[in-house]
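Q: From the sequence below, what's the structure:
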Amino acid sequence: MASLVDRIRTRITGKGKSRVPERDPDYSVLFVCMGNICRSPTVEGVFRERVVAELPDWFIQIDSAGTHAYHVGQPPDPRAQRAAEKRGIDLSDLRARRIAEDDFSSFDLVLAMDPLNVAVMEDVCPPEHRERIRLLMEFAPALEREDVPDPYYGGSVGFEYVLDLAEEATAGLITHVRSVLKSD
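A: As a prediction, the model looks like this:
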């Protein structure tokens, strides 16, 4: 598990949060689902751990948000936290927030968990930043799926499956981020 210092270094929270970066990030990624308590914080946690392990020399801004304000200020769903903890990923410091218009200019990539959330974001995103919105599963093409299914109304198996998909997609995302950073 990453140290607290490493987690703080890679996690800069969104609006209304107190952590301030020491410098501008080398790259930034925002993960988005509907309520920001299941899928997007899980993927954020998986990616955060992977960045610490695989991109230690880069300052990557990582955050998550929801397209709806159902759970603002709440921690991730306890089932998501339990599933992640079994894999050594701590989600306890995360809090749900709603995506804001300035997120589209602040983040290099805004990765949705499904096409519905892409559509919601495209409705509020300034046109000059729409190319930043993509589906997370684009980074796991071998899985031949476009969505990360919402496990909220199911059992623990759904949360494990979200972690499996997150691990696959973030492997591809790390490759993408590394290639972007090396080309700069």
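Q: mind showing which ranges of the protein have poor pLDDT?
A: Applying pLDDT under 70 to the chain flags the ranges 1-22.
Q: Helices of this structure, residue ranges please.
A: 4-10, 39-54, 78-86, 103-106, 115-124, 156-183 (DSSP state H).
Q: now these as CSV including mean neighbour count and distance to Phe139?
A: Where you see a C-beta, it was placed from the backbone N, CA and C, and this is true even at glycine. Output for these, formatted as CSV (neighbours: other Cβ atoms under 10 Å; distance: least, Cβ to Cβ, whole Å):
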stretch, mean neighbour count, distance to Phe139
helix 4-10, 15, 18
helix 39-54, 25, 10
helix 78-86, 19, 19
helix 103-106, 18, 19
helix 115-124, 16, 14
helix 156-183, 17, 3
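Q: Let me have the ones you listed in TSV, adding distance to Asp150 as columns.
A: TSV is the format used below for the helices of the chain (distance: least, Cβ to Cβ, whole Å):
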stretch	distance to Asp150
helix 4-10	25
helix 39-54	6
helix 78-86	11
helix 103-106	21
helix 115-124	10
helix 156-183	8
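Q: Tell me which of those helices sits nearest to Leu136.
A: Comparing these by their distance to Leu136 (Cβ to Cβ), the top pick is helix 156-183, with 4.9 Å.
Q: Which neighbouring elements make contact with the closest one?
A: Contacts defined by 3 or more Cβ pairs under 8 Å, 6 or more residues apart in numbering; DSSP states H and E place helix 156-183 against strand 27-33, helix 39-54, helix 78-86.
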